[in-house]
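1. predicted model and sequence below, questions to follow.
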Amino acid sequence: MTATHDHTATGRPGPADLAQERPPRGPVVRPLGRRLTAEFTGTAFLVAGVVGSGIMAERLTDDPGLRLLQNAAATAGVLVALILALGSASGAHFNPAVTLVDRFFGGIDTPTALGYIAVQVLGAIAGAAAANVMFDMPAIEWSTTDRSAANLWFAEGIATLGLLVVIFGVVRSGRSAVAAFAVGGYIAGGYYFTSSTSFANPAVTIGRAFTDTFTGIEPASVPMFIVAQLAGAAATTALILAIYPRVREVADQVIVPHELTGSLDRR
């Protein structure tokens, strides 16, 4: 008699039996604490990279152009590495503007989005303090760099809009594997094509107020930078929908594919 399954002849389950018995795989749920830890860690190291490389650049040269080049290269390198390292845990937003737009498109639920934003801001402050201490400076030293000007606010809106178009465009076009390099490349370029040097991130903006160095921004200049960044984020939603009307289908893969939460809005 011919056996229909391997275990008929051997007494042990065969591959066909195991395939039938194995329950179908559903979304893997990453505990919220792990996602928040990843967002805190990534944002902290990002700001430490921005501020620390700025301090090092100040100490290495008096040439402002060379300082900017060093700061841009270091920031881009750190950002690419962090996205690759932590993206699978949280998506590697490291930016409230990214989180808010992703929430709008349904890639993340509201409680998680609020948690992301909170730890991103705390991480940014921690990263600035860590960079200060690494270079034998006070952990908290308010910046005195005035960045209050209409052209800088406009630049921040453009910088944020461009960053989000890159992120969501790369993901929607099915090239998430290169998202880290696209984001790092855009930020490196943004240092040069925007008059504000492309902060493009409300959490990073807040963090940079805590260091009186080359990369700092005085606290009085922070609110309008954030307003401009949020305006750029709002404009992005309309632009992305015009270019990629079905972007909501991949919103849970921003910036890079990561394990899913159990309560995503699948609009």
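-> Happy to help now that I have it.

2. show me where the stretch 1-150 of the chain has its helices.
-> Using DSSP state H, counting those that start in this stretch, the helices found in the stretch 1-150 of the chain span residues 6-10, 15-21, 32-60, 64-90, 96-104, 110-134, 150-172.

3. for those helices, which one sits closest to residue 193?
-> helix 150-172 (8.6 Å; C-beta to C-beta). (Each C-beta comes from the backbone N, C-alpha and C, glycine too.)

4. in that closest one, which residues are buried?
-> Within helix 150-172, the residues scored as buried using 16 or more other C-beta atoms under 10 Å are 152-172.

5. with stretch 187-200 instead?
-> Quick answer for stretch 187-200 (16+ other C-beta under 10 Å): 187, 188, 190, 191, 194, 196, 197, 198, 199, 200.

6. swap in stretch 131-138?
-> Buried residues in stretch 131-138, counted by 16+ other C-beta under 10 Å: 131, 132, 137.

7. export that stretch as CSV, just CAs?
-> Once non-C-alpha atoms are left out, stretch 131-138 reads as follows in CSV (Å, rounded to 0.1, in the frame of the first residue of the first chain):
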residue,chain,number,x,y,z
ALA,A,131,28.4,65.0,22.7
ASN,A,132,29.1,68.0,25.0
VAL,A,133,30.6,65.7,27.7
MET,A,134,32.7,63.8,25.2
PHE,A,135,34.5,67.0,24.3
ASP,A,136,34.9,68.1,27.9
MET,A,137,32.2,70.7,27.9
PRO,A,138,29.2,71.2,30.3
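
8. for it, which outside residues touch it?
-> 47-48, 50-52, 55-56, 59, 139-141, 210-211, 213 (C-beta atoms under 8 Å, 6 or more residues apart in numbering).

9. what is the nearest of these to residue 76?
-> Distances from residue 76 to these, taken as C-beta to C-beta, are shortest for residue 50 (10.4 Å).

10. pLDDT score for that closest one?
-> pLDDT, residue 50: 98.

11. now render the helices of the stretch 1-150 of the chain as TSV, adding distance to residue 227.
-> Shown next, in TSV, are these (distance: least, C-beta to C-beta, whole Å):
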stretch	distance to residue 227
helix 6-10	66
helix 15-21	56
helix 32-60	20
helix 64-90	23
helix 96-104	12
helix 110-134	16
helix 150-172	7
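
12. any chance of the buried residues of stretch 187-200 in TSV, plus secondary structure?
-> Formatted as TSV, the buried residues of stretch 187-200 follow (DSSP: H, G, I helix; E, B strand; the rest coil):
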residue	secondary structure
187	helix
188	helix
190	helix
191	helix
194	coil
196	coil
197	coil
198	coil
199	coil
200	coil
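
13. ok, back up a step: drop anything exposed from the contacts of stretch 131-138.
-> Buried members of the contacts of stretch 131-138, counted by 16+ other C-beta under 10 Å: 47, 48, 50, 51, 52, 55, 56, 141, 210, 211, 213.

14. any stretches of the stretch 151-267 of the chain with poor pLDDT?
-> Counting by pLDDT under 70, the stretch 151-267 of the chain shows low-confidence ranges at 259-267.

15. hmm, try it at 50
-> Scanning the stretch 151-267 of the chain for pLDDT under 50 picks out the ranges 261-267.

16. which of the helices or strands spans residue 189?
-> Using DSSP states H and E, residue 189 falls within helix 179-193.
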